[in-house]
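whatever this is, show me its structure:
(2 chains)
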Protein chains: 2
Amino acid sequence: MKRLMLLGASGSIGTQTIDVVLQHPQDFVLVGISVGHRIDVLKQILSKVQVKYVCVAEKQDRQVLEAQYPDITFYDGDEGLLALAKKDEYDLLVNALVGFVGFLPTLHAIESGHSIALANKETLVVGGELIKKAIQKHHVSLYPIDSEHSAIFQALQGNKNYQIKRLIITASGGSFRKLSRDDLKDVTVSQALAHPNWTMGAKITIDSADMMNKGFEVIEAHYLFDIDYDDIDVVMHPESVVHSMVEYVDHSIIAQLGAPDMRVPIQYALTWPDRYPLHLEKPLDLTQLSGLHFDKPDTDRFPLLALAYKAGKKGGNLPAVMNAANEVANAAFREEKIPFLMIEDIVISAVNSVGYQPIETVQDLIDANEYGRKFALQQIEGVNE
Amino acid sequence: MKRLMLLGASGSIGTQTIDVVLQHPQDFVLVGISVGHRIDVLKQILSKVQVKYVCVAEKQDRQVLEAQYPDITFYDGDEGLLALAKKDEYDLLVNALVGFVGFLPTLHAIESGHSIALANKETLVVGGELIKKAIQKHHVSLYPIDSEHSAIFQALQGNKNYQIKRLIITASGGSFRKLSRDDLKDVTVSQALAHPNWTMGAKITIDSADMMNKGFEVIEAHYLFDIDYDDIDVVMHPESVVHSMVEYVDHSIIAQLGAPDMRVPIQYALTWPDRYPLHLEKPLDLTQLSGLHFDKPDTDRFPLLALAYKAGKKGGNLPAVMNAANEVANAAFREEKIPFLMIEDIVISAVNSVGYQPIETVQDLIDANEYGRKFALQQIEGVNE
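Have a look, this model is predicted:
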């Protein structure tokens, strides 16, 4: 019986994690969950699973819930997330939070001796160095939930790191992959949210449309698998069937394929090195596809991908500034405060506006994040004045 | 330093094995080789590598060579192959022989305590049960060289047999994949030998054109990986880029991809569980392909594939009869004694003409092989009377 702490239970990854848990009641138990503001989703979850701890974003929500669920211990806010992460009585933290807010709970869970199933890619984008050191110090493991990194993780089984020639991360190209830069000037939020292959949360769907997400994944792969940026390639693959690949020194390529269903990578992160049966409504049938296609990415068309390589290679504060500016700009686009292409402008300007600073402490990271957020907010204010 | 005994050194797999050995002179040494009738190729090989033992098909050739190469110990005939297989002073037998003749050297090498890198698929098609028992008894390993089985072997690394949902063997469809059965009536030997993707020996290229080869591979996979026939699927994949796949119980599919170059699976069989760098002239570049396609096989179009499933499931003498009739019919077609479609007629009639007999001894197998050969020869004589 594996005891899970699930942060971000009300989001897309969170609810799919609960589906996986419910498919294997003999194997997994949820010790605690966090849900942010989605109290309606929390109540649905609590009608299906018993948990000991719940964290919500707001103190008011907590107080109401405490009266309704006397058997559950409630927490609130970022402090509540850390309290859950630091608990002793679980085996694996599933971090399905979105954004920089996911970083500290990961770090505290590691420091409390817990292994992590990581869907929160910002954790590694902003704090890869710190997380890596903490993992080594506390002898815990980090299992990727992102479909691309799970694919690479699966393709690496039974092989050694020194046998890798390169990682090949596939990219659908997102909602606007068929549009030119000129076409992008007037795209709307609802167009951006209509991903052709995957049903995901809003933030990551926008990050997919400008390929900031793929850039994050390159940095994430660098830290997860300890591979140089020059040995991580991105290949356009519009069908999202091959989730990513590893090419070895003998030119053999191992790929992981499947339906675009996040429950597969979620479950693998929970069961590794084992695999459990998983019920999917539509497992992949290759013979029903019209074909699989692969192409080189156009970094002129997707400048944030090139930016992520640059920021990742330089390291230090730059990935954190990039991520923070993107979090703010992504949200501003979703709130219709800025046009789509301005996300890129803001993120690129933020990175270019700052010099390299090493990240040695958590405070360095918080400062870099604050800088990026403020820079982006100022740019957005300038537009909306 | 791994010491290799290479049977079938002058064929397509044999010469490519020697290329792999020459790329890694610090890691591999050839102890002995067999070459059949190709004395010209033998001399080319001996100009590049030093070996202690050589087996040729004919006694006359042996006598001439003994005078020319006084430092080498020569053998001849099937007895010579067995003498090489039984030697103590090597680590791995690379069996690149073609046809039933490959069976006994494999068995004797296993009984002498040697592990096998197996390109001779007929070994498992005809004698899977006997080979499996011998492997268990002598605690040796069998590494597949066939590209499809190497792909599955690679896709299985780090996973357990009970996690497998099904094996997916890819099939190019061979030289005539675009032709209807009506079109097949008048095809010539040179048309059949023009495989669209792979450069292989003549026998296997014909076996690919009627998909007898794919049927053999299903039986081979059954024995290599201990998987029920109902859990082995064949999928048409005209590009021969995905060499085969494993679908696991969680619907995750692991595939191995690469250029159609047999040196990749050959080397993996020699280096497993390690991988060594390998120089290929044209490694796979997915972004240069127009697309990858997959389709269900048409067993009306390719009846020998359906026959192989049937013979494999029934087991006993039937696969050996099928293989023997095919060896004779395949050769007769190449000698222009029978039309292409008559290969199928002969093989199907041979299997249908015989009742199930268990295979308990090597003699049972030799008898089944003899029966299949005689049946096919009689049919061919009937045509040519």
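
for chain A, which helix is longest?
helix A:362-384 (DSSP state H).

for that helix, which helices and strands make contact with it?
helix A:103-111, helix A:122-138, helix A:318-334, helix A:340-352 (3 or more CB pairs under 8 Å, 6 or more residues apart in numbering or on different chains; DSSP states H and E). For every residue, glycine as well, the C-beta is placed using N, CA and C.

checking my notes, residue A:284 in a strand, right?
No. Judged by DSSP: H, G, I helix; E, B strand; the rest coil, residue A:284 forms no part of a strand; its state is coil.

in this structure it contacts residue A:264, no?
No. Residue A:284 is beyond contact range of residue A:264, at 9.5 Å (criterion: CB atoms under 8 Å).

those two: which is more packed in?
Just comparing residue A:284 and residue A:264: by other CB atoms under 10 Å in any protein chain shown the higher neighbour count belongs to residue A:264, 29 against 19.

quick one: the more buried one and residue A:20, what's the gap?
9 Å (CB to CB, to the nearest Å).

which residues are in contact with each of the two?
Jointly contacting residue A:264 and residue A:20 under the rule CB atoms under 8 Å, 6 or more residues apart in numbering or on different chains are residue A:278.

what sits in contact with each of residue A:284 and residue A:264?
By CB under 8 Å, 6+ apart, the residues touching both residue A:284 and residue A:264 are A:258, B:251.

ok, residue A:259 - contacts?
A:280, A:282-284, B:251.

okay if I get these as a markdown table plus distance to residue A:72 and pLDDT?
As requested, the contacts of residue A:259 are exported to a markdown table (distance: CB to CB, whole Å; pLDDT from 0 to 100):
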| residue | distance to residue A:72 | pLDDT |
| --- | --- | --- |
| A:280 | 31 | 97 |
| A:282 | 35 | 95 |
| A:283 | 36 | 96 |
| A:284 | 39 | 97 |
| B:251 | 34 | 98 |
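
in ChimeraX, select just the buried ones from these.
Selection of buried members from these for ChimeraX, criterion 16 or more other CB atoms under 10 Å in any protein chain shown:
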select /A:283,284 /B:251
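
on that earlier part again, what's the most buried one of the helices and strands packed on helix A:362-384?
Scoring the helices and strands packed on helix A:362-384 by mean neighbour count under mean count of other CB atoms under 10 Å in any protein chain shown gives helix A:318-334 as the most buried, with a mean of 26.

tell me which residues of the longest helix of chain A come out buried.
Those would be A:364-365, A:367-369, A:371-373, A:375-377, A:379-380, for helix A:362-384 by 16+ other CB under 10 Å.

reformat these as JSON lines; add distance to residue A:289 and pLDDT.
Converted to JSON lines, the buried residues of helix A:362-384 look like this (distance: CB to CB, whole Å; pLDDT from 0 to 100):
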{"residue": "A:364", "distance to residue A:289": "47", "pLDDT": "97"}
{"residue": "A:365", "distance to residue A:289": "43", "pLDDT": "96"}
{"residue": "A:367", "distance to residue A:289": "48", "pLDDT": "97"}
{"residue": "A:368", "distance to residue A:289": "43", "pLDDT": "98"}
{"residue": "A:369", "distance to residue A:289": "41", "pLDDT": "97"}
{"residue": "A:371", "distance to residue A:289": "45", "pLDDT": "98"}
{"residue": "A:372", "distance to residue A:289": "40", "pLDDT": "98"}
{"residue": "A:373", "distance to residue A:289": "42", "pLDDT": "98"}
{"residue": "A:375", "distance to residue A:289": "44", "pLDDT": "98"}
{"residue": "A:376", "distance to residue A:289": "40", "pLDDT": "98"}
{"residue": "A:377", "distance to residue A:289": "44", "pLDDT": "97"}
{"residue": "A:379", "distance to residue A:289": "42", "pLDDT": "96"}
{"residue": "A:380", "distance to residue A:289": "41", "pLDDT": "96"}
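
got a list of contacts for stretch A:188-197?
A:172, A:174-177, A:202, A:205-206, A:208-209, A:238-240, A:260, A:333-334, A:336, A:340.

alpha carbons of it, as PDB, please.
Presented in PDB, the C-alpha positions along stretch A:188-197 are these (Å, rounded to 0.1, in the frame of the first residue of the first chain):
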ATOM      1  CA  THR A 188      -8.200  34.800 -29.000                       C
ATOM      2  CA  VAL A 189      -8.000  33.100 -25.700                       C
ATOM      3  CA  SER A 190     -10.500  30.500 -26.600                       C
ATOM      4  CA  GLN A 191      -8.600  29.700 -29.800                       C
ATOM      5  CA  ALA A 192      -5.500  29.300 -27.800                       C
ATOM      6  CA  LEU A 193      -7.200  27.000 -25.300                       C
ATOM      7  CA  ALA A 194      -8.300  24.600 -28.000                       C
ATOM      8  CA  HIS A 195      -5.300  22.200 -28.000                       C
ATOM      9  CA  PRO A 196      -5.700  19.700 -30.800                       C
ATOM     10  CA  ASN A 197      -4.500  16.600 -28.900                       C
END
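
what's the mean pLDDT across that stretch?
The average of the pLDDT scores along stretch A:188-197 is 88.

how far out from the middle of the chain is it?
In terms of CA atoms, centre = their mean, to the nearest Å, the gap separating the centre of stretch A:188-197 from the centre of its chain is 18 Å.

so for that stretch, what gets flagged as buried?
For stretch A:188-197, using 16+ other CB under 10 Å, the buried residues are A:192-193, A:195-197.

and stretch A:216-232, by the same measure?
Result for stretch A:216-232 [16+ other CB under 10 Å]: buried residues A:216-225, A:227, A:232.

again with stretch A:294-302
Buried-residue list, stretch A:294-302, by 16+ other CB under 10 Å: A:294, A:297, A:301-302.

same check, this time on stretch A:50-60
Buried, per 16+ other CB under 10 Å, within stretch A:50-60: A:51-57.

now flag whichever of those is closest to chain B.
residue A:51 (24.7 Å; CB to the nearest CB).

isn't that closest one up against residue A:34?
No. Using CB under 8 Å, residue A:51 makes no contact with residue A:34, being 10.4 Å away.

what subset of the contacts of stretch A:188-197 is buried?
The buried subset of the contacts of stretch A:188-197 (16+ other CB under 10 Å) comprises A:172, A:174-177, A:202, A:205-206, A:208-209, A:238-240, A:260, A:333-334, A:340.

returning to that earlier point: near chain B too, which of the buried residues of stretch A:216-232?
Among the buried residues of stretch A:216-232, not one lies near chain B by CB under 8 Å from any CB of the partner chain.

any stretches of the stretch 251-385 of chain A with poor pLDDT?
For the stretch 251-385 of chain A, applying pLDDT under 70 flags the ranges A:385.

that one against chain B: which residues are in contact?
Near chain B, when you scan the stretch 251-385 of chain A using CB under 8 Å from any CB, you find A:251-259, A:261, A:264, A:267-268, A:271, A:273-278, A:280, A:283-284, A:286-287, A:289-296.

mind checking which of those residues are in strands?
Using DSSP state E, the subset of those located in strands is A:253-257.

in JSON lines: the buried residues of stretch A:50-60, plus secondary structure.
Listed next are those as JSON lines, based on three-state DSSP:
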{"residue": "A:51", "secondary structure": "coil"}
{"residue": "A:52", "secondary structure": "coil"}
{"residue": "A:53", "secondary structure": "strand"}
{"residue": "A:54", "secondary structure": "strand"}
{"residue": "A:55", "secondary structure": "strand"}
{"residue": "A:56", "secondary structure": "strand"}
{"residue": "A:57", "secondary structure": "coil"}
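
quickly note the distance from residue A:106 to residue A:89.
For residue A:106 relative to residue A:89 (CB to CB), the value is 18 Å.

and stretch A:247-263, how far from the chain's centre?
19 Å.

can you check stretch A:52-65 too?
Distance, centroid of stretch A:52-65 to centroid of chain: 25 Å (CA atoms, centre = their mean).

below-threshold pLDDT in the stretch 51-200 of chain A: ranges please.
Using pLDDT under 70, nothing in the stretch 51-200 of chain A is flagged.

for it, which residues are neighbours of chain B?
A:154-160, A:163, A:168.

are any of those residues buried, and which?
If we count by 16+ other CB under 10 Å, these have these buried: A:154-159, A:163, A:168.

from these, which land in helices?
A:154-156.

point me to the residue of the stretch 1-150 of chain A nearest chain B.
Closest point on the stretch 1-150 of chain A to chain B, by CB to the nearest CB, is residue A:150, at 8.5 Å.
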